[in-house]
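> Could you look at this predicted model? Sequence included:
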Amino acid sequence: MNTGDTEARNDDASGAREALAGRRAFLGIAAAGAGGALLAPGIHLIEVAQAAAPAGAAQGANPKVRWGLLIDTTKCASGCNECVTACQTENGLGTGTSPTDPQWIRKVEIKEIKTGRTASLPVMCQHCAEPPCVDVCPTGASFKRADGIVLVDRHICIGCRYCMMACPYKARSFVHEPLADQKPDVPRGKGCVESCTLCVHRVDRGGQPACVEACAKAGHHAMLFGDLNDPASEIAQRVRQVATTQLRADLAVDPGVRYAGL
Amino acid sequence: MNRTHLYYLLLALGGAVTLAGLGAAHVMDEHGHAITGMTNQVVWGLPHVFAIFLIVAASGVLNVASVGSVFGDPVYKPRSRLSGLLCLALLAGGLMVLMLDLGRPDRVIVAATHYNFKSVFAWNVFLYSGMFAIVALYLWTMFERRHAVHTKAVGVAALVWRFVLTTGTGSIFGFLVARQAYQSALLAPLFIVLSFAWGLAVFLVAQSVMYAWNGHVLPETVRRRLARLLGVFVGGGLYLVAVYHLTNLYFARQGAFEAFILRDGGVYPWLFWAGYVVAGALLPMLLVLHPRLGRPRCVMAASLLVIAGAFALLYVFIIGGQAYPLDIFPGYAVTSSFADGAIETYRPSWPELLLGLGGVGAAFVLTTIGVHVLDFLPRDDESVGVKA
């Protein structure tokens, strides 16, 4: 083997190494690019989610707060459905009332059998302090936030409907059909259970539930929202002054929704 | 037709029923539960009737093995293997129905990775999977002579586990504080006693078919003992069902619900009295306990009636119990767009029925394969002094 041959072979070898290095670099860039292309939408979604998260959401719900509702049945008008319509619009629910349609809030007309006294009132998730739906949920999808709002984690709800069996207020609905046109703030999905969120997306931004706003807008002012734990709040003062009732108080689940005038 | 052909024919039939069930589950998953009879009021329907029957019967069918290996009874011992196989098959069929009826069956893995230990359902995930493991081990000790010494110990574990499992199944309903039909501590023992009768009925049907298949005849003393035991179990179940309704009737607040289930509720009182009490309990007891009856055909008929009665009782209990409205406003007449205060009409749909039957088909296929490939046929040693 002469020197020229060796040099030529060395040149070939170094050329091959360079080519290999070039291919590796290309593959590396391609892999990074492909990975980036795969991950980018996810990162983008995270950014969107973070952008959508309200200020203060990073700390989580405030355990000192107990959000609640006070419903004055003496002001609630029979036949008025403003709260129900507002809930449907806010949360992207349909207006159907078939047995399989979701109804997060409904107007109930009651008549005392012995006396004939009537009343009209909205019933929704009562946001219990001891929620039976949370107790029975096998995966922990039903949960209570530190501020008392009872929610369903749509990522781990398996659709067993045990919470619907356990709820004393028939407050939960099952999504019986495929859905379209959902509201970005209110993710929903076929096969999961859902219920009133107390408009948590509004509350976390310092707002009020849509039903409460609609009731006031209609001039009834039958619904009052606020922090039951804050002695200075209007709701806390009212429940101190006026006799109020919790539905099925005998069950001792301590609902955050109270009714006056029942 | 020779036996191999018959085996494949049975397998094909069972497989077709199972496939129909899987197809129904797929259709339900595609279209949502809107195509079923289930609603926001009756949230558990026909699939749950099938699933609860299969799971409760799975627990009860193991009774035969327990009496054999735990209490050492020579009549029951040769039947332990079949008892174990039927337990696994019924449990698998029941769980298949339960899982495929979920709103999100694709998330079944979530049920195995996220637990809320306060939930009876979460306990049941462990109880059911543990049952599979213990019964599989139990069967292994029965098949493998080297491990036969452990049969009793594993049998005791299976016996205890079985009681806890059925307690868990009864407690699914027993812990529902707000429903008139449920919320009773009696439901756990009731389900245990019902499981004895339902499981033994399934066992007797399977055993009769296997004996006929193999041209064997069940010794009369054995048949009479098993038949009498079935009669006692059915009587025990009927007694506890009566106590459950009597306690309800004693509470004034439960009066309207009991009137609905026992008298005014249309299909439910019919199914309860004619389906469960007469056809599912009194008639089978007469067939197996009357001294002039108790012939092989009587025992077979009684077993089938007990199974039919079980479905009637569960339909009344699960669906009738939900059809009756929640009493959110005691003392008030109530109306709303969400069926408050109204009796819900439940119409079972084809997909639900097929899914439920699919679970039965799966249990049948597993049993058929099991008895074909392994030796599950009970063999009575005539020299063993069987007690009459």
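Structure's in. What do you need? What you see is a predicted model, and the numbers here were worked out from it, not measured in a lab.

> Low-confidence bits of the stretch 101-250 of chain A, can you list those?
Along the stretch 101-250 of chain A, no part satisfies pLDDT under 70.

> since we're on the residue of it found nearest chain B, how many residues are nearby?
The minimum distance from the stretch 101-250 of chain A to chain B, using C-beta to the nearest C-beta, falls at residue A:159 (1.9 Å). Any C-beta I mention is one placed from the backbone N, CA and C, and that applies to glycine too. Applying other C-beta atoms under 10 Å in any protein chain shown, we find 22 residues neighbouring residue A:159.

> Now do the contacts for residue A:79.
residue A:120 (C-beta atoms under 8 Å, 6 or more residues apart in numbering or on different chains).

> Give me the three-state assignment for it.
coil (DSSP: H, G, I helix; E, B strand; the rest coil).

> And it, how far from residue B:163?
Distance from residue A:79 to residue B:163, counting by C-beta to C-beta, to the nearest Å: 55 Å.

> And the strands in the stretch 201-350 of chain B?
Ranges of strands in the stretch 201-350 of chain B, per DSSP state E, counting those that start in this stretch, are B:332-336.

> Quick check: residues of it near chain A?
B:322, B:326, B:328-329, B:331-340, B:344 (C-beta under 8 Å from any C-beta of the partner chain).

> do the same with the stretch 51-200 of chain B
Residues of the stretch 51-200 of chain B lying near chain A (C-beta under 8 Å from any C-beta): B:102-104, B:107-108, B:110-111, B:114-116, B:118-122, B:124-125, B:172, B:175-179.

> ChimeraX command for the buried members of the residues you listed?
Listed next is the ChimeraX selection for buried residues among those, using 16 or more other C-beta atoms under 10 Å in any protein chain shown:
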select /B:102,103,104,107,110,111,114,115,116,119,120,121,122,124,125,172,175,176,177,178,179
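
> need the contact list for the nearest residue to residue A:106 once chain neighbours are set aside.
Once flanking residues are discounted, residue A:106 sits nearest to residue B:338: 4.2 Å by C-beta to C-beta, 6 or more residues apart in numbering or on different chains. Residues near residue B:338 by C-beta under 8 Å, 6+ apart: A:97, A:103, A:106, A:108, A:170, B:40.

> which one of the residues you listed is nearest residue A:91?
The nearest member of the contacts of residue B:338 to residue A:91, counting by C-beta to C-beta, is residue A:103 at 11.1 Å.

> Now do that closest one against residue A:97, distance only.
For residue A:103 relative to residue A:97 (C-beta to C-beta), the value is 7 Å.

> Mutual contacts of those two, please.
B:337-338.

> More neighbours: the two, which one.
Using other C-beta under 10 Å as the criterion, residue A:103 and residue A:97 rank with residue A:103 on top: 28 against 13.

> secondary structure class for the more buried one?
coil.

> Give me the spatial nearest neighbour of it, chain neighbours excluded.
residue B:338 (4.8 Å).

> In the contacts of residue B:338, find the pair that's most separated.
A:108 and B:40 (14.7 Å).

> all strands of chain A, in order?
For chain A, the strands defined by DSSP state E cover A:67-72, A:105-112, A:118-124, A:142-144, A:150-152, A:173-174, A:193-194, A:223-227, A:244-245, A:257-260.

> excluding its backbone neighbours, what's nearest residue A:144?
Nearest one to residue A:144, counting by C-beta to C-beta, 6+ apart, is residue A:150 at 5.0 Å.

> who touches the one you found in this structure?
Residue A:150 touches A:125, A:127-128, A:131, A:133-134, A:142-144, A:195, counting by C-beta under 8 Å, 6+ apart.

> Look up phi and psi at residue B:44.
Note on residue B:44: its backbone torsions stand at phi -120, psi 130 [degrees, to the nearest 10].

> For chain A, see how far away it is.
Relative to chain A, residue B:44 is positioned 7 Å away (C-beta to the nearest C-beta, to the nearest Å).

> Tell me, how many residues neighbour that residue?
23.

> so it touches residue A:165, yeah?
Yes - counting by C-beta atoms under 8 Å, residue B:44 touches residue A:165, with 6.8 Å between them.

> Mutual contacts of those two, please.
residue B:322.

> Pull the contacting residues for residue A:69.
Contacts of residue A:69 (C-beta under 8 Å, 6+ apart): A:127, A:198, A:209, A:212, A:223-225, A:235, A:256-258.

> For these, give me JSON lines that also has neighbour count and distance to chain B.
Output for these, formatted as JSON lines (neighbours: other C-beta atoms under 10 Å in any protein chain shown; distance: C-beta to the nearest C-beta, whole Å):
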{"residue": "A:127", "neighbour count": "26", "distance to chain B": "15"}
{"residue": "A:198", "neighbour count": "27", "distance to chain B": "18"}
{"residue": "A:209", "neighbour count": "25", "distance to chain B": "18"}
{"residue": "A:212", "neighbour count": "24", "distance to chain B": "20"}
{"residue": "A:223", "neighbour count": "24", "distance to chain B": "17"}
{"residue": "A:224", "neighbour count": "21", "distance to chain B": "21"}
{"residue": "A:225", "neighbour count": "24", "distance to chain B": "21"}
{"residue": "A:235", "neighbour count": "21", "distance to chain B": "22"}
{"residue": "A:256", "neighbour count": "24", "distance to chain B": "16"}
{"residue": "A:257", "neighbour count": "25", "distance to chain B": "12"}
{"residue": "A:258", "neighbour count": "24", "distance to chain B": "14"}
